[in-house]
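Q: coordinates for the following, if possible.
(one chain, ligands or ions: 2)
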Amino acid sequence: MSDIIHLLPDSVANQIAAGEVIQRPASVLKELVENSIDAGATFIQILIKDAGRTLIQIVDNGKGMSETDARMAFERHATSKIQHADDLFSLRTMGFRGEALASIAAVAQVELRTRREEDELGVLVEIAGTRVFKQETVQCDVGTSFQVKNLFFNVPARRRFLKSDNVEKSHILTEFYRIALVNSSVAFSFYDGEDEIFNLPISNNKIRIENIFGKTSKKKWQQQLLTIETSTNLVSICGYVGKPEFAQKSANQYFFVNGRYMRHPYFHKAVILAYNQMIQASESPNYFIYFEVDPQTIDINIHPTKTEIKFENEQAIWSILSAAIKEALGKFNVIPSIDFDQEGAVDMPTHISAENIRPPQTNFNPNYNPFGTSGYKRPNLDWEQLYGDFEKEKEPVHSSINWESSLDLNVTTLSPESEQQQLIENFESRAENFQYKNRYILTGIKSGLLMIDQHRAHTRILFDLFLNQIENAKSISQQILFPEILELNADDALFFEQILPDLNRLGFDFEVLGKYEYSVKAVSSHLGTASVIDLLLDILEKAKTTALDPSVGIHETIALTLAEAASLKSGQRLSSEEINDLIDRLFACQNPNFTPDAKKIMTVFSQDELEKRF
Ligand code: ADP
Ligand code: MG
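A: Ligands and ions are numbered 1, 2, ... in the order given. Okay, the predicted model is just below:
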């Protein structure tokens, strides 16, 4: 019997390879535009017809090709971009596989016109299904023009596999964005048939983002982007992240490394976590983040269509990225999105005078807790210490509301009793607040009617306070007269010991009674009537679960569990003084809009909406 193994003809081999590289019109666009970028083009014109089925044309003003190269370019594994395997690790070009043009030519009818600066005449190559039909010198501009016609003309199965025009176009746009967003120094024009869909001048990344996504509402994009920038010897990261209130269900999220789009689920998580508690779980922030690293420290995916990239220093970069985003978000202060009037102050009666203005916040009892009404006895506390404490606590708080303007009035030091009295009087004079169903607080603001969920608002307030206590150890304890006993199993006890320092900072105090047995001697002074043992077990349970998932902070979990337990419940009647205190404290929080677990705290019925009803 004769030998049966033979080499496949080029046309078949290329078609098989094309199956990997060229899956749909979008892949052609990607490969050709990347080639133009690699050729140093500063202006790239794109034209598609029938979602790229009948024509994809890319014209660039790059360096062009010589006559021989123009022919060579269609050979498989023909590339000018790398020579040795090692070159893969110092890659600065988009292409390197040398298979795109061979693949395209295997499954479409291709016309290439190209000329270099130094050549008088250019060259035209016509090739279809890997067969060269024409090669001749022609007059043409410097640069390269590719026309790819009738994609999959010779592979009916693949042609049938293409989706509707809209789907194919959206794939095309996806590829286009991934390139255009990281090549703002290149101008693009993009026609879909007769329609110009993009005309992007040379710009910077930020303007490029706005030009691409801000077509309908540019202003919105200008308002929403916060700059991130950081540079270490491992990595430099720059780019833009969207303000939390612009988060959306299908957000625009882009990572680039060394000028190349990449997917990176791990870094994505760093971004999402940096927004922790600022946006609802169902929404996601927009981001455009550009990494520059030494090419030696990344591993570009060898697979032609995969965009995952491996970093040598993934963990370190994770932290750097996370810090950079938190800084950007912090600088911007995450203010509530409801529009208070110009000065950012809540509606105040116009007849404000030194007599009826509410006293400065420094006179507030910082430990004041609306639990007072439910039989909770506020412990006897050192007033002085509290004021001092509160002052300090307030320092890092940012709020869009400029309380200061109404606060620089004579500060009289009041005794606790007369203070309470005066507080009530002053608040009454401001009383535009109303508790509805013992559950919501309604208050007039400039733009309409603000409705606040009291339980959620208080959860946010206490969460911020507790987290601050855990991290800065500034808490006040409340001694327990008859200590309760906490009994744990060995496993839980081990974990309990781990969170003990946090609990101590929150004002809890324990005495070790025996193996795995503790008596609770003091609790956080905010705790109110919640059952201590149940609460501790709850905290323990949640913290244990959290510990398994490094993406959630244990501190946050403890603070949230405690805040949930200690906060005002729905159905609890509040005095107007308590309502005002709650509002003030809520707006002193960095993020008064949402609870730490992303539940909406407040909503505004706009004036317009209200007036329409009459
Ligand atoms: P790769 O980009 O991986 O090198 P391609 O098959 O995409 O492989 O392209 C083959 C070669 O053709 C490139 O290495 C480059 O030298 C040349 N080439 C392709 N497109 C252009 C272009 N628009 N301008 C100049 N040269 C090009
Ligand atoms: Mg290429």
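
Q: my read is that residue 18 contacts residue 110, right?
A: No: in this structure residue 18 lies outside contact range of residue 110 using CB atoms under 8 Å: 11.9 Å. The C-beta positions use only the backbone N, C-alpha and C, and glycine is treated the same way.

Q: wait, residue 448 sits on residue 607?
A: Yes: Residue 448 is within contact range of residue 607, at 4.4 Å (criterion: CB under 8 Å).

Q: how about the strands in the stretch 101-250 of the chain?
A: 109-115, 122-128, 131-138, 143-149, 187-192, 195-200, 225-231, 236-242 (DSSP state E, counting those that start in this stretch).

Q: partners of the first one in the sheet?
A: Partner strands and pairing direction for strand 109-115 (DSSP bridges) are strand 122-128 (antiparallel), strand 143-149 (antiparallel).

Q: just how off-centre is the last one within its chain?
A: Centroid displacement of strand 143-149 relative to its chain, using CA atoms, centre = their mean, to the nearest Å, is 38 Å.

Q: what mean pLDDT does it get?
A: Regarding strand 143-149, the rounded mean pLDDT is 98.

Q: quick revisit: to ligand 1, which of the strands of the stretch 101-250 of the chain lies closest?
A: Proximity to ligand 1, assessed across the strands of the stretch 101-250 of the chain by CB to the nearest ligand atom, is greatest for strand 143-149 (3.6 Å).

Q: just for the protein, where's the confidence low?
A: 1, 216, 302, 333-432, 474, 528-530, 547-552 (pLDDT under 70).

Q: so what sits against both of residue 18 and residue 110?
A: residue 104 (CB atoms under 8 Å, 6 or more residues apart in numbering).

Q: comparing residue 448 and residue 607, which residue is more hemmed in?
A: The residue with more neighbours, out of residue 448 and residue 607, is residue 448; 18 against 14, by other CB atoms under 10 Å.

Q: what bridges to the more buried one?
A: Bridge pairing for residue 448 - DSSP bridges - gives residue 445, residue 606.

Q: got the contact list for it?
A: Residues near residue 448 by CB under 8 Å, 6+ apart: 604, 605, 606, 607, 608, 609, 610.

Q: okay, the residues you listed in a markdown table with distance to ligand 2 next?
A: Output for the contacts of residue 448, formatted as a markdown table (distance: CB to the ion, whole Å):
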| residue | distance to ligand 2 |
| --- | --- |
| 604 | 52 |
| 605 | 56 |
| 606 | 53 |
| 607 | 57 |
| 608 | 54 |
| 609 | 55 |
| 610 | 60 |
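
Q: just the closest of these to residue 322, please.
A: For the contacts of residue 448, the minimum distance to residue 322 (CB to CB) is 32.1 Å, reached by residue 604.

Q: okay, now that closest one: neighbour count?
A: Neighbour tally, residue 604, other CB under 10 Å: 16.

Q: what distance do you get for it to residue 72?
A: Distance of residue 604 to residue 72, computed by CB to CB, to the nearest Å: 65 Å.

Q: repeat for residue 318
A: When residue 318 is compared with residue 72 (using CB to CB), they lie 43 Å apart.

Q: try residue 8
A: 21 Å.

Q: residues contacting the closest residue to ligand 1 within the stretch 1-150 of the chain?
A: The minimum distance from the stretch 1-150 of the chain to ligand 1, using CB to the nearest ligand atom, falls at residue 95 (2.2 Å). Neighbouring residues of residue 95 by CB under 8 Å, 6+ apart: 31, 34, 35, 38, 79, 81.

Q: related to what we said a few turns ago, most tightly packed of the strands paired with strand 109-115?
A: strand 143-149 (a mean of 23; mean count of other CB atoms under 10 Å).

Q: does ligand 1 sit close to that strand?
A: Yes: using CB under 6 Å from any ligand atom, we find that strand 143-149 touches ligand 1 at residue 144.

Q: so residue 246 touches residue 220, yeah?
A: Yes: assessed by CB under 8 Å, residue 246 is found in contact with residue 220 at 7.2 Å.

Q: more neighbours: which of the two?
A: Using other CB under 10 Å, the more surrounded residue of residue 246 and residue 220 is residue 246, with 18 against 14.

Q: mind exporting the C-alpha coordinates of stretch 78-85 to PDB?
A: Extracted C-alpha coordinates of stretch 78-85, given in PDB (Å, rounded to 0.1, in the frame of the first residue of the first chain):
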ATOM      1  CA  ALA A  78       4.800  36.100   6.800                       C
ATOM      2  CA  THR A  79       5.500  39.100   9.100                       C
ATOM      3  CA  SER A  80       7.800  42.000   9.400                       C
ATOM      4  CA  LYS A  81       7.200  42.300  13.100                       C
ATOM      5  CA  ILE A  82       9.100  39.500  14.800                       C
ATOM      6  CA  GLN A  83      12.000  37.400  13.900                       C
ATOM      7  CA  HIS A  84      12.800  35.300  16.900                       C
ATOM      8  CA  ALA A  85      10.700  33.600  19.500                       C
END
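
Q: give the buried residues for that stretch.
A: 79, 82 (16 or more other CB atoms under 10 Å).

Q: next one: stretch 518-535
A: Applying 16+ other CB under 10 Å to stretch 518-535 flags 518, 520, 522, 523, 524, 525, 526, 527, 528, 530, 532, 535 as buried.

Q: contacts only, for the residue in the stretch 101-250 of the chain positioned nearest to ligand 2.
A: Nearest to ligand 2, among the residues of the stretch 101-250 of the chain, is residue 101, at 6.9 Å (CB to the ion). By CB under 8 Å, 6+ apart, the residues touching residue 101 are 31, 35, 73, 74, 78, 110.

Q: list every C-alpha atom in stretch 248-257, with coordinates, as PDB.
A: Output in PDB follows, covering the C-alpha atoms of stretch 248-257 (Å, rounded to 0.1, in the frame of the first residue of the first chain):
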ATOM      1  CA  GLN A 248     -25.100  51.600  34.500                       C
ATOM      2  CA  LYS A 249     -26.300  48.100  33.700                       C
ATOM      3  CA  SER A 250     -24.100  47.600  30.700                       C
ATOM      4  CA  ALA A 251     -21.200  49.800  31.400                       C
ATOM      5  CA  ASN A 252     -18.300  50.600  29.100                       C
ATOM      6  CA  GLN A 253     -15.300  48.900  30.600                       C
ATOM      7  CA  TYR A 254     -11.900  48.900  28.900                       C
ATOM      8  CA  PHE A 255      -8.500  47.800  30.000                       C
ATOM      9  CA  PHE A 256      -5.500  48.400  27.700                       C
ATOM     10  CA  VAL A 257      -1.900  47.300  28.200                       C
END
